[in-house]
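Colleague: Structure here, sequence nowhere to be found:
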């Protein structure tokens, strides 16, 4: 692919400062500053790289005032950070293949329903009475059980396993190896110290515009449904236990674990390796910082919490400063 | 499915209080209290829902004394919590399909031995000289290496990988994507700072009545065996390293990690995200609370521990209260 | 397999003390001390087992002076710990099967390039224009996308998924279920509180002599590459986010998570469940102990750190002693 500064300014609704015929053939990180590339300057921390960069084109915020000479042609845009996303999305769409058939090496049943323009890759299986919406792409090595409903324009990567009865909305992306709908972890203690398995007859319901990361696991409900709300983004290797409800537009970084029956509010942010105990309610707009452990309800909206069990992040960091100071004496 | 209060009382060995012909067609959580459902009241915290519930039938402990009028027909049982498990298990059995064939899309060898009534799904493979016991169900997309022994009435979900030489007892459930028998993580430091791989020639041995969660990994031993005892329950995304021994009837919630050669006792409970270092012994009946980190042996039975490194949970919570108080001042 | 003491002394460049015709048919841990086995005494903690062991042959350091009588024939070597690795590696090589064909149940394209002596197992797929180097073994149930380059003598276990465009060096081992090259977790916040997906057009580049554990996930870069250096060893269930760079010969135990764009130095050691935040630099030779959380750059080489956020391990343990003492009073 080849971009001129002029073309980028049009695409990203910006203005050119310098040679409008400057050409880039690749996108690159500002730190690497390779010749013939287009880079982005969005994070002030990286400003020194602006002056050392050999990139052909540099996309910057419209109000950026350089303190030193810059060799690249500048394209000034409203928001350089969003412009990265826009250009990546433009290129990704151009690269998309239009494979829209069902592989001869795939397996399905007479009662399986396929919408228009569905792709089904080699060694994938879709179960009885399941239905796949228009434009959905199911890569190879995917297992979809019986009675599953998947909406339109979804993208299911290899190694995904979807247990029977799962319901998935439109525009959902499931990354490789994620498991949707496995048995909840329910065990009733017996008098002799052993455990009796509690069967799980519920399912998992996933809203629209959801993305779930590689090797993440979502267990189905005992009764009723484990629910992943609209617009939720879950990173790799997270655990969502039975009967959990994740509110709309909440994001969760890698390796978080949410225990059974907990309700996470809307617009929450969970950093990596956070753990939330079972049967809790977490208010909307809560931010849980990395490795936080939540053992009780969070009722007040908009808090930023840290520690295990969590306390306000500022308080944690102050207390931790005293903690380490005590040992230094 | 349709249940009358009379039928439920018979099944669960209880008594009806109200209309014995009341009918429910679904099970529901007590919080949702939907009409036409059967709900359970076991946890006192949920008592207010008893009075607002529109469920047709409510299963309660035999000594429950309502403080307000209840619209549902009550079925009084010895233990409402166990009754949930019993009813779920009854329905799950009714729903079970009796598919007992080997898919044309599956792969095995002349030397592979299959017991009676084995199911083998599409795109699954069972290796040379491996043997599968009577009544075991192997879903599609399962890889079973050479020389594996699997007992009777096991349930192996899609995406499971079982390395060569693994031995699995009866009534074992392996959830989607779990990996049994991968190489232990052994690396010998070399003088130049690099690492030399240590080969692992042992295997994994799993007892009877074990359940292992989705995407959990169990590494094989360097020599001899990594052992998962009888009745053990392991949740999703746990890591069991080489040469670990897990005692009978121990349960482990999601995302726990047990490092190499550690011996976990019997009847232990590990909450989510617990880590246990290598070459340790953990006494029987130990409880490790969420996110605990164990760096030394635990010799006394029956302790409840928290923190990293662990101390008695009560002491941890008291110390943590002082820790956060210091920052509040 | 059968080993005499004489043979072992030759293989391991040691000397026999006792009956040079003593025979062992298996390797065993020193703690189990089973008759007819060969055991190793490397860790001083296990010395009592030397005297109770019924092993036929015991491999010890050349300067070991027994304090009590030992029944086994001794083979004295320079380094008993390395000798274990050497013998395991010898046996592993003897056991290796020489299967070098492509299964009829595998799938590839006209444009896929295979080197000499490549094995491709049942239900595996290799994409368009991908190339597989000489002697590489790809087990069954592996998905390799388009435009992937894999070097010589690699070992790819079942359930591995390799996204398009990934580049892998020589002598690389990828364990079951690991996912290489899934989308980075990038989401741009929108004014209405929702998130817009940021596409990822980069790839993952893996060096030579790398081993990656079961169900570990490595995301591809937004632009350019996520890089795993030469000689790196990553255990099970780790998360390596987009644009991360892992320096040569760094080792990482299970369940570690490295957030986006962080650069981990060379020769670092990360114990289990460590978390490192995004956009950081970790100096060479850093040791991060179990469950550590890193929130800032680590500039000084060779530190041993603990806690969340990390401080020197000694200081952490001293502070933690005071922390728990406060609650005991």
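Modeller: In hand now; what should we look at? Every value quoted in this text rests on a predicted model; they were computed, and no experiment measured them. Residues are numbered from 1 along each chain as shown, chains lettered A, B, ... in the order given.

Colleague: quick one: the helices in the stretch 201-329 of chain A?
Modeller: Counting by DSSP state H, counting those that start in this stretch, one finds helices in the stretch 201-329 of chain A at the ranges A:313-328.

Colleague: interface residues of it facing chain C?
Modeller: A:209, A:211, A:213-215, A:231, A:233, A:235-237, A:249, A:251, A:253-255, A:266-267, A:271-273, A:290-291, A:320, A:323-324, A:326-328 (Cβ under 8 Å from any Cβ of the partner chain). No exception for glycine: its C-beta is placed from N, CA and C like everyone else's.

Colleague: Any quick PyMOL command for the buried ones out of those?
Modeller: Isolation of the buried members of these (16 or more other Cβ atoms under 10 Å in any protein chain shown) is achieved in PyMOL through the command below:
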select buried, chain A and resi 209+211+213+214+215+231+233+235+236+237+249+251+253+254+255+266+267+271+272+273+290+291+320+323+324+326+327
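
Colleague: if you look at the residues of the stretch 201-329 of chain A next to chain C, which of them are in strands?
Modeller: Members of those lying in strands (criterion: DSSP state E): A:211, A:233, A:251.

Colleague: Could you verify my assumption that the last one touches residue C:189?
Modeller: No - with contacts counted by Cβ atoms under 8 Å, residue A:251 stays clear of residue C:189, the gap being 9.1 Å.

Colleague: what touches both of those two?
Modeller: When contacts are counted by Cβ atoms under 8 Å, 6 or more residues apart in numbering or on different chains, the set common to residue A:251 and residue C:189 consists of residue C:195.

Colleague: mind checking how far the spatially most central residue of chain A is from residue A:267?
Modeller: Within chain A, one residue has its C-alpha closest to the average C-alpha position: by Cα atoms, centre = their mean, that is residue A:233, at 3.7 Å. To residue A:267, residue A:233 is 12 Å away according to Cβ to Cβ, to the nearest Å.

Colleague: give me the element residue A:81 is part of.
Modeller: helix A:80-95 (DSSP states H and E).

Colleague: Run the chain-centre distance for stretch A:226-233.
Modeller: The offset between the C-alpha centroid of stretch A:226-233 and the centroid of the whole chain comes to 11 Å, using Cα atoms, centre = their mean, to the nearest Å.

Colleague: ugh, wrong one, I meant stretch A:92-108
Modeller: Between the mean C-alpha location of stretch A:92-108 and the chain-wide mean there is a distance of 23 Å, by Cα atoms, centre = their mean.

Colleague: ok, and what's touching that stretch?
Modeller: The list of residues contacting stretch A:92-108 from outside it, by Cβ under 8 Å, 6+ apart, reads A:1, A:114, A:117-127, A:137, A:140, B:105, B:122-123, B:140, C:107, C:199, C:201.

Colleague: Span of it from start to end?
Modeller: Separation of the first and last residues of stretch A:92-108 by Cα to Cα, to the nearest Å is 30 Å.

Colleague: Which residues does stretch A:311-329 contact?
Modeller: The set of residues external to stretch A:311-329 that reach it, using Cβ under 8 Å, 6+ apart, is A:289, A:303-307, A:310, B:323-324, B:326-328, C:307, C:309, C:311, C:315-316, C:318-319, C:322-323.

Colleague: Only the buried subset of these, as a ChimeraX command please.
Modeller: In ChimeraX, a selection of the buried entries from these looks like this (16+ other Cβ under 10 Å):
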select /A:289,303,304,305,306,307,310 /B:323,324,326,327 /C:307,309,311,315,316,318,319,323
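
Colleague: quick one: buried residues of the helix or strand hosting residue A:9?
Modeller: In this structure, residue A:9 is located in helix A:5-11 according to DSSP H and E. Residues of helix A:5-11 classed as buried: A:5, A:6, A:7, A:8, A:9 (neighbour count, 16+ other Cβ under 10 Å).

Colleague: How about stretch A:93-104?
Modeller: Here stretch A:93-104 shows A:102, A:103 as buried, counting by 16+ other Cβ under 10 Å.

Colleague: what's the answer for stretch A:225-233, then?
Modeller: Along stretch A:225-233, these residues count as buried under the neighbour rule (16+ other Cβ under 10 Å): A:225, A:226, A:227, A:228, A:229, A:230, A:231, A:232, A:233.

Colleague: so where is chain A shaky, pLDDT-wise?
Modeller: Counting by pLDDT under 70, chain A contains low-confidence ranges at A:97-98, A:329.

Colleague: make it 50
Modeller: Segments of chain A classed as low confidence (criterion: pLDDT under 50) are not present in this model.

Colleague: Can you pull up the residues of the stretch 101-250 of chain A that come close to chain B?
Modeller: Neighbours of chain B within the stretch 101-250 of chain A, by Cβ under 8 Å from any Cβ: A:107, A:123, A:125, A:141, A:143, A:159, A:161, A:163, A:177, A:179, A:182-183, A:185-188, A:193-201, A:215, A:217, A:219, A:222-224, A:237, A:239, A:241, A:243.

Colleague: Quick check on those residues: which are buried?
Modeller: In terms of neighbour count (16+ other Cβ under 10 Å), the buried residues within those are A:107, A:123, A:125, A:141, A:143, A:159, A:161, A:163, A:177, A:179, A:182-183, A:185-187, A:194-195, A:197-201, A:215, A:217, A:219, A:222-224, A:237, A:239, A:241, A:243.

Colleague: Can you give me the neighbour number for the spatially closest residue to residue A:211 that is not a sequence neighbour?
Modeller: Sequence neighbours aside, residue A:173 is the residue nearest to residue A:211 in space, at 4.4 Å (criterion: Cβ to Cβ, 6 or more residues apart in numbering or on different chains). For residue A:173, the neighbour count with other Cβ atoms under 10 Å in any protein chain shown is 20.

Colleague: Quick one: end-to-end length of stretch A:286-297, please.
Modeller: Distances were taken as Cα to Cα; on that basis the terminal residues of stretch A:286-297 are 11 Å apart.

Colleague: mind listing what's buried in that stretch?
Modeller: Within stretch A:286-297, the residues that qualify as buried by neighbour count (16+ other Cβ under 10 Å) are A:286, A:287, A:288, A:289, A:290, A:291, A:292, A:293, A:294, A:295.

Colleague: Alright, I will stop here.
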